[in-house]
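Asks: model this:
(chains A and B)
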Amino acid sequence: MIPRYQRILFVILLLAALVMAGVLLHLRQRAHQRLLAGEDSSPTKAPEVAPAEQSTLLVANDADGSLLVQARSLPLPADPSARARVLIGNLLDLYASPGAAHPVSGGAAGVAQVFLLPVPGTKNSDQQLAVVNLTSNFAASHPSGLETETLTVLSICGTLRANLPKVTEVRFLVDGQQRPNLAGHADLTRTYLTADAVPTGGSSQ
Amino acid sequence: MRWSKALSGWVSPISHGRLGWDRGRSAALLCAFALALPATAQAPPAPAPRFVVVIDAAHGGDDAGGRLASGQMEKAVTLALSVRLRSLLAARGISVATTRESDATIDPNRRAEIANHAKAEACLSLHATETGSGIHLFTSSLPPAPATRFVAWKTAQGPWVNRSLALAGAMNSAMLHAGFTVTISRTALIAVDSMACPALAVEVAPARASDGTVTAEPDDANYQATVATALATALLEWRMEGRQP
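Replies: Here you go, the predicted model:
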């Protein structure tokens, strides 16, 4: 048998807990409203548009297996890694456009990140290793074939070399992981030398 | 008993002490042998070195490769071409080793192992694609390396790169002569990079007219027969080149 005074005390404590919970919720809501009221979401700074620069893309052509030099004027960020990503994105956009000589779907979204690192094992050297992280969607939608995969890899290497001369080596990842090949053929476990990606065709604007 | 009698017949001339007669007969035999010696002492002509070709039908089993416009998978096309080429080469007296004879999954390293055990004069990795046109020839993109006693597995092709480029040249001229459009390039392919022999990846693309329309798909039987014949001709020329002093 619970004594009467204990039951009264329990009811009082329960009521107090409920009142305190209510007050807490009320205070939280007021704080949230005060925060929203103080936040100014109106734009205060115009977005910076990088000036267009002359850049060079090495564009693959399936018909004759060539890499064609194509000069383009593109707004490029100052940061080399971001710059490399934009360049590769533009290259992949060309491949995704209708009537492309080297059709690959996916476009710029196919490259997730590009990291530039010092070449391992070299001291006091300016040489850089580019780690290109492609998306699995891009790899899955890439046409399977020795020539088409090789051309994609070489055109990326060549474009990096043409615009970022310090990049001498390139490694490829897919969704941040090493993958045996791109779409069944081109070996993605090895390090590619950008010097191997030389244009084999003419040039165009 | 019979065996013992027969044996006693062989050993009896010595064991029964009739050495005089036997000595005379032995001398006659020796003279005859000596007379015959000049004729037999001449070394027989050395047999021609065995010319072995390794044919690697790429993909297979779980690895279907690319899909062609006809819906055919690359693994089936490469196997069919491998069988055709093997028959043509065998008919011309060339020893052939293949990496697969059925729809089986073969690891790229296992393919290189087969090629390296065969000590081949030419190793061809056969592929098929829907992009491009004609025949795509690929050599390893590894830099040429000096031959050493021990070679790293992943770069075993290094010392053979120059020979592989020469094979690509021979293959190119034979293919052009047969009327194919040919592109030569270099690539990184795990199986080829580990092969210690003159090695090429041969990718068969559709035959196209000048306006780009497809005139024959890689799985077309007549087209495959033409490709296989041209490859066999190229390998015969390669064998002749290798035997020239």
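
Asks: quick one, strands of chain A?
Replies: Using DSSP state E, the strands of chain A run over A:52-61, A:66-75, A:111-118, A:128-134, A:167-174, A:192-193, A:203-204.

Asks: Tell me which of the ones you listed approaches chain B most closely.
Replies: Across the strands of chain A, chain B has its closest neighbour in strand A:192-193 (7.3 Å, C-beta to the nearest C-beta). Placement of C-beta: from N, CA and C, glycine included.

Asks: What does the most centrally placed residue in chain B show for phi and psi?
Replies: In chain B, the centroid-proximal residue (C-alpha atoms, centre = their mean) is B:Val53; its distance is 1.0 Å. The phi and psi values for B:Val53, taken as degrees, to the nearest 10, are phi -120, psi 130.

Asks: Could you give the number of residues near A:Ser105?
Replies: 15 (other C-beta atoms under 10 Å in any protein chain shown).

Asks: now A:Asp64
Replies: Look at A:Asp64: counted by other C-beta under 10 Å, it has 14 neighbours.

Asks: And it, how close does it get to B:Thr181?
Replies: 8 Å (C-beta to C-beta, to the nearest Å).

Asks: one step back: lowest mean pLDDT across the strands of chain A, which one is that?
Replies: Sorting the strands of chain A by mean pLDDT places strand A:203-204 lowest, at a mean of 56.

Asks: and A:Asp64, how far is that from chain B?
Replies: Distance of A:Asp64 to chain B, computed by C-beta to the nearest C-beta, to the nearest Å: 6 Å.

Asks: Report how many residues lie close to the closest residue to that residue other than its chain neighbours.
Replies: Of all residues not flanking A:Asp64 in the chain, B:Thr183 sits nearest, at 6.2 Å (C-beta to C-beta, 6 or more residues apart in numbering or on different chains). Residues near B:Thr183, counting by other C-beta under 10 Å, number 21.

Asks: got it, and A:Leu92?
Replies: Neighbours of A:Leu92 under the rule other C-beta under 10 Å: 23.

Asks: go on, the one 4 residues further on?
Replies: Residues within reach of A:Ala96, counting by other C-beta under 10 Å, total 18.

Asks: thought it was touching A:Ala109?
Replies: No: judged on C-beta atoms under 8 Å, A:Ala96 makes no contact with A:Ala109 at a distance of 9.0 Å.

Asks: ranges for the helices of chain B?
Replies: Residue ranges of the helices in chain B, as given by DSSP state H, are B:2-15, B:19-41, B:74-91, B:108-118, B:161-177, B:190-193, B:221-243.

Asks: Mean pLDDT lowest where, among these?
Replies: Looking at the helices of chain B, the bottom one is helix B:2-15 with a mean of 41.

Asks: Chain B contacts on chain A?
Replies: A:62-65, A:143-148, A:150, A:153, A:180-181, A:183-187, A:189-190, A:192, A:196 (C-beta under 8 Å from any C-beta of the partner chain).

Asks: Kindly report the residues of chain B close to chain A.
Replies: B:59, B:63, B:65-67, B:74, B:127, B:129-133, B:136, B:138, B:141, B:154, B:183, B:185-190, B:193, B:201, B:203, B:205, B:212.

Asks: Which pLDDT value goes with residue 42?
Replies: You didn't say which chain, so I picked chain A. The model's pLDDT for A:Ser42 equals 68.

Asks: To clarify, I was referring to chain B.
Replies: B:Gln42 is given a pLDDT of 58.

Asks: What is the burial count for B:Ala209?
Replies: Neighbours around B:Ala209, by other C-beta under 10 Å: 9.

Asks: Kindly list the longest helix within chain A.
Replies: Criterion DSSP H: the longest helix present in chain A is helix A:4-38.

Asks: Contacts only, for residue 175.
Replies: This is for chain A. If you count contacts by C-beta atoms under 8 Å, 6 or more residues apart in numbering or on different chains, A:Asp175 has them with A:112, A:133-136.

Asks: Chain B was what I was after
Replies: B:Met175 makes contact with B:134-135, B:137, B:182, B:230, B:234, according to C-beta under 8 Å, 6+ apart.

Asks: In terms of distance to A:Ala162, which of these ranks first?
Replies: When the contacts of B:Met175 are compared for distance to A:Ala162 (C-beta to C-beta), B:Leu137 wins out at 26.1 Å.

Asks: State the distance from that closest one to B:His127.
Replies: To B:His127, B:Leu137 is 11 Å away according to C-beta to C-beta.

Asks: for A:Val167, same thing?
Replies: From A:Val167 to B:His127 the distance is 30 Å (C-beta to C-beta).

Asks: cool, A:Leu35 as well?
Replies: Applying C-beta to C-beta to A:Leu35 and B:His127 gives a distance of 62 Å.

Asks: same deal with A:Gln127?
Replies: Distance from A:Gln127 to B:His127, by C-beta to C-beta: 33 Å.

Asks: what does B:Ala188 give?
Replies: Counting by C-beta to C-beta, the gap between B:Ala188 and B:His127 amounts to 14 Å.

Asks: who's more crowded, the two?
Replies: With neighbours defined as other C-beta under 10 Å, B:Ala188 and B:His127 compare such that B:His127 has more, 30 against 24.

Asks: which residues does the more buried one contact?
Replies: Counting by C-beta under 8 Å, 6+ apart, B:His127 touches A:145-146, A:185, B:58, B:65, B:74, B:78, B:136, B:201-204.

Asks: Put together a markdown table for those, with distance to A:Ser55 and neighbour count on each row.
Replies: Compiled in a markdown table, the contacts of B:His127 are given as follows (distance: C-beta to C-beta, whole Å; neighbours: other C-beta atoms under 10 Å in any protein chain shown):
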| residue | distance to A:Ser55 | neighbour count |
| --- | --- | --- |
| A:Gly145 | 28 | 26 |
| A:Leu146 | 29 | 30 |
| A:His185 | 29 | 30 |
| B:Ala58 | 37 | 31 |
| B:Gly65 | 35 | 23 |
| B:Glu74 | 36 | 31 |
| B:Thr78 | 39 | 26 |
| B:His136 | 29 | 27 |
| B:Ala201 | 32 | 28 |
| B:Val202 | 36 | 26 |
| B:Glu203 | 31 | 32 |
| B:Val204 | 36 | 27 |
